[in-house]
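[1] Need coordinates for the following:
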Amino acid sequence: MTGQEIMVKLTPFAIAIIVALMGWITAILKQYIEVHTQNLRVKSILLKLDTVVSSAVREIMITTIDSAKQSASNGKLPSEVAAAAKAAAVDKVVCTLSCVDLAKLTELFGPDFIETKIESVVHEVKNGK
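    Below is the predicted model of the structure:
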């Protein structure tokens, strides 16, 4: 048997192996692209959330909280005003983000994530960060 005859007999096996490897490599690349795209999407949503929450909290603090503190006899914010301000901030954030973004945030972080984020930003603003 010559080298050429061996190559003719091995060629179908080599082609089958190459095709199988190409399918496996394609599947791995597809998975990597999906994960990478998903991570970029979540990062984009979180950046948008940061901006929206910061804007909402600052706006409500300027328009509602400051005047309510000044009009209170002891200079402290009444609990019902605080609750209304928090609800207004949540409404503003929910109205600004898309349904898809809200669904993704809820799926990844739970239903209370937006409220927790708002409370975090309020704490940062109070402490001057």
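
[2] can we go C-alpha only for contacts and neighbour counts from here?
    OK.

[3] Now find how far off-centre the helix or strand that contains residue 29 is within its chain.
    Following DSSP states H and E, one finds residue 29 within helix 3-60. Taking Cα atoms, centre = their mean, to the nearest Å, the mean C-alpha location of helix 3-60 is offset from the chain mean by 20 Å.

[4] Quick check: buried residues in the helix or strand of the chain with the lowest mean pLDDT?
    Across the helices and strands of the chain, mean pLDDT, DSSP states H and E gives its lowest value to helix 66-71, namely a mean of 86. Along helix 66-71, these residues count as buried under the neighbour rule (16 or more other Cα atoms under 10 Å): residue 68.

[5] Report the angle between the helix or strand following that helix and helix 3-60.
    The helix or strand immediately downstream of helix 66-71 is helix 79-96, counting by DSSP H and E. Here helix 79-96 runs at an angle of 140 degrees relative to helix 3-60 (axes from the mean of the first three to the mean of the last three Cα atoms, to 10 degrees).

[6] Centre of the chain to helix 79-96, how far?
    Computed by Cα atoms, centre = their mean, the chain-centroid distance of helix 79-96 equals 20 Å.
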